[in-house]
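>>> Show me how the following folds:
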Amino acid sequence: MLLNIAAALVHHVQKKRERRRAFLENGGLVLEKLVASCNGRPFPIRTFSYQQLILATNNFNQILHRDAFYTLYKGSFEGRILSIKMYDERDSSAKDTALMDIGISAKASAHKNVLKLVGCCLETSIPSLVFEYAQNGVLDRRIFISTRQGTPMLWQSRLKIARQFAHAIAYLHTAFFRPIIHADIKMKNILLDQHDVPKLADFSFSVSIPEGETHVQVDVVRGTGSFICPIYASTGRITEKTDVYNYGMVLLQILTGQRTIILDREDEDCSLPDHVRNRVINEIVDPAILLEEGGAGLEPQLQAVLELGLTCTEYDPEIRPTMVDVTKELRRIEKSVA
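You can find the predicted model right below:
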């Protein structure tokens, strides 16, 4: 028994030293990233201890969302509900992606349609991020509900969400000295608060375009499978139009209620843009939309959104609109009389 107690004490001391070492190392890296991201000015950010995260999450008991590279937990701290993002320590690039996420999230948190960064924990080997809580979860679960219980989202709500998170992307592209490319826009990176206001999240793969340049050349293409822009996938060249392609894929999903890869009439894999191209709107739109009261009168709006989604996913980046133009077009569609 005494040996067990001694071993436990040694383990506790070792863990405490490891957390202290991680705090010092990560603290310098995070400060450097924040200063670089925020034009030389340090961003005021709250730091949480690992013990505070354990207490806030009841020992990481409630998982909100799990991705390939991280897990998002629900927590409560000082009467406020928060979400805690823990990166997978087995991923060799996790520290770099976590630092990028912190830097861009801090910079973009002022926008109402970006998930607000509250703080971070530096005591974990990979810095953990603490965000505001989005009560209604990821957009993915609100659109794809065929196997879940729930009420389909109404078309006007879908259209409003599409416009609002498009505005967040346009903000990233235009509001900063060095345009920010999100590079991984997808349903699971759009969270909804209690009022279904969308919050763009996860800047792990984001890049900033250098001054005087129009693109960044990367050695490793990162993103999510079928969402990745073909030009980016084949050349490693990332531009603002890379985000436009990703956005177009999400817009088509919102319209059709379909995944990005589906089976065509010959039972072969087919991309969503190819599936909906040259088909009439009533064949491809989510049936739940047409079943709404007045759904038959929505056809002009639905057709306009389809055309916008297809333009955003054109192979040639020059044909795709800018995100500023996308937001303008969505506002026009929203105001149109169905």
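>>> for the stretch 1-150 of the chain, what spans make up the helices?
Here the stretch 1-150 of the chain has its helices, by DSSP state H, counting those that start in this stretch, at 2-37, 50-56, 94-108, 139-143.
>>> Which of those has the lowest mean pLDDT?
Least confident of the helices of the stretch 1-150 of the chain, judged by mean pLDDT, is helix 2-37 with a mean of 51.
>>> buried sites along stretch 72-90?
Of all the residues in stretch 72-90, those buried under the rule 16 or more other Cβ atoms under 10 Å are 72-75, 77, 82-87. C-beta here means a position set from N, CA and C on the backbone, and glycine is covered the same way.
>>> List the ones among the residues you listed that fall in strands.
Secondary structure from DSSP state E places 72-75, 77, 82-87 of the buried residues of stretch 72-90 in strands.
>>> any idea of the mean pLDDT for whatever helix or strand residue 232 lives in?
Element membership of residue 232, judged by DSSP states H and E, is helix 230-235. Mean pLDDT, helix 230-235: 94.
>>> Run a quick neighbour tally on the closest residue in space to residue 142 that isn't next to it in sequence.
Of all residues not flanking residue 142 in the chain, residue 153 sits nearest, at 5.2 Å (Cβ to Cβ, 6 or more residues apart in numbering). Applying other Cβ atoms under 10 Å, we find 20 other residues in the vicinity of residue 153.
>>> which SS state does residue 153 fall under?
Under DSSP: H, G, I helix; E, B strand; the rest coil, residue 153 falls in the coil class.
>>> Do I have it right that residue 214 meets residue 241?
No. Counting by Cβ atoms under 8 Å, residue 214 does not reach residue 241; the two are 9.6 Å apart.
>>> Between the two, tell me which one has more neighbours.
The neighbour count for residue 214 versus residue 241, taken as other Cβ under 10 Å, is higher for residue 241 (26 against 11).
>>> Could you confirm that one falls within a helix?
Yes. Assessed with three-state DSSP, residue 241 lies in a helix.
>>> Report the separation between it and residue 123.
Going from residue 241 to residue 123 by Cβ to Cβ, to the nearest Å gives 40 Å.
>>> State the distance from the residue nearest to residue 142 to residue 53.
According to Cβ to Cβ, residue 153 and residue 53 sit 33 Å apart.
>>> Check residue 323 too.
35 Å.
>>> now do residue 109
Distance, residue 109 to residue 53, using Cβ to Cβ: 20 Å.
>>> So if I had to pick from those two, which one is more boxed in?
Between residue 109 and residue 53, residue 53 has the larger neighbour count (other Cβ under 10 Å), namely 22 against 17.
>>> Nothing else from me, thank you.
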